[in-house]
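**Q** Have a look; sequence and predicted model below, questions after that.
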Amino acid sequence: MDATLKDRALHAGDELEGASAQEILGWAVEEFGTKLVVAASMAEAVLVDMLARICSDVPVIFIDTGYHFAETIGTRDAVMHRYNLPLISTGPQLTVAGQNAVYGPKLFERDPDRCCQLRKVVPLDRALAPYRAWAAGSRRAESAGRRNLPAVGWDERRGKVKIHPLVAWTDEDVNRYVQEHDVIVNPLLSDGYDSVGCWPCTSRGEGRAGRWAGSAKTECGIH
Ligand code: SF4
């Protein structure tokens, strides 16, 4: 483990608590350059838009699970078209058909943790391997489980710095930024989905309530 990097992350987390989203992201770009990558879920492109105003060489990663809504893939393509940033769209080694053949159909119903591991966690781990730090749009206001997120923290399992520039943002803050900067938004957000994931595990609902609704699962294991 890189103890120096971890110390820097934890120190930055203290220093940047209360800083603006632009300051937190700007610090990450300054500190890590192209060893930073930004993960995007393509619910809205706020973090990507913010990144594009700071630099043009930090890549954006999207994990294409094979189970995304067509609207999410359309959002990815629109984002790729608008912004002058390298976009890495990557996915699991097995197609959905391949996974069905190996593990049986509808693994997402029988063992969603396994399905998320195969289709999200492993592909993201592989995609993050060349980088020292990664940023994501997770916010404290999204769920009880995210209430203690730091602005900058340490991803212990991956040995990388993890940055949450939007950590303190409310839903209103996100909406304001979208309006002010004409940010691309997944059409599902105006169709009753507050949070957008794979179609088999996402239903309409407030906050993250529509994700794995009816089960105890609240996170896919990425964060
Ligand atoms: Fe599979 Fe559902 Fe996880 Fe997507 S969210 S990877 S479909 S279990």
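**A** On my side now, so go ahead.

**Q** And the strands in this structure, which stretches?
**A** 36-39, 60-63, 87-90, 133-135, 152-155, 160-163 (DSSP state E).

**Q** Which parts of the protein are helices?
**A** 3-15, 21-32, 46-52, 70-82, 96-103, 107-110, 112-116, 122-128, 171-181 (DSSP state H).

**Q** Going by contacts, tell me the helices and strands next to the second one.
**A** Of the remaining helices and strands, those touching helix 21-32 by 3 or more CB pairs under 8 Å, 6 or more residues apart in numbering; DSSP states H and E are helix 3-15, helix 46-52, strand 133-135, strand 152-155, strand 160-163. No exception for glycine: its C-beta is placed from N, CA and C like everyone else's.

**Q** Kindly state which of these is positioned closest to R110.
**A** Nearest to R110, of all the helices and strands packed on helix 21-32, is strand 152-155, at 28.8 Å by CB to CB.

**Q** which helices and strands does the closest one pack with?
**A** Counting contacts by 3+ CB pairs under 8 Å, 6+ apart, strand 152-155 packs against helix 3-15, helix 21-32, strand 160-163.

**Q** Save the ones you listed as TSV, and put in distance to R126 and mean neighbour count too.
**A** Below are the helices and strands packed on strand 152-155 laid out as TSV (distance: least, CB to CB, whole Å; neighbours: other CB atoms under 10 Å):
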stretch	distance to R126	mean neighbour count
helix 3-15	20	15
helix 21-32	19	19
strand 160-163	13	26
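
**Q** quick one: which of the ones you listed is nearest the ligand?
**A** In terms of CB to the nearest ligand atom, the element of these nearest to the ligand is strand 160-163, at 20.2 Å.

**Q** show me where pLDDT drops low in this structure?
**A** Judged by pLDDT under 70, the chain has its weakly predicted residues at 1, 208-209, 212, 214, 217.

**Q** List, one by one, the residues from it near the ligand.
**A** By the rule CB under 6 Å from any ligand atom, the part of the chain lying against the ligand is 65, 67, 108, 112, 115-116, 119-120, 197-198, 200-201, 220.

**Q** try 8 Å
**A** Selection of the chain residues close to the ligand by CB under 8 Å from any ligand atom yields 65, 67, 107-108, 112-116, 118-120, 197-202, 211-212, 220.

**Q** Against A19, how distant is the residue located most distally from the centre of the chain?
**A** Ranking residues of the chain by C-alpha distance from their mean position (CA atoms, centre = their mean) puts A101 at the top, at 28.6 Å. Distance, A101 to A19, by CB to CB, to the nearest Å: 49 Å.

**Q** How about the contacts made by the residue farthest from the centre of the chain?
**A** Listed by CB atoms under 8 Å, 6 or more residues apart in numbering, the contact set of A101 is empty.

**Q** and Q179, how many neighbours?
**A** 9 (other CB atoms under 10 Å).

**Q** which ones are touching it?
**A** Listed by CB under 8 Å, 6+ apart, Q179 has no contact partners.

**Q** One more: the one 4 residues further on?
**A** V183 makes contact with 44-46, 49, 177, according to CB under 8 Å, 6+ apart.
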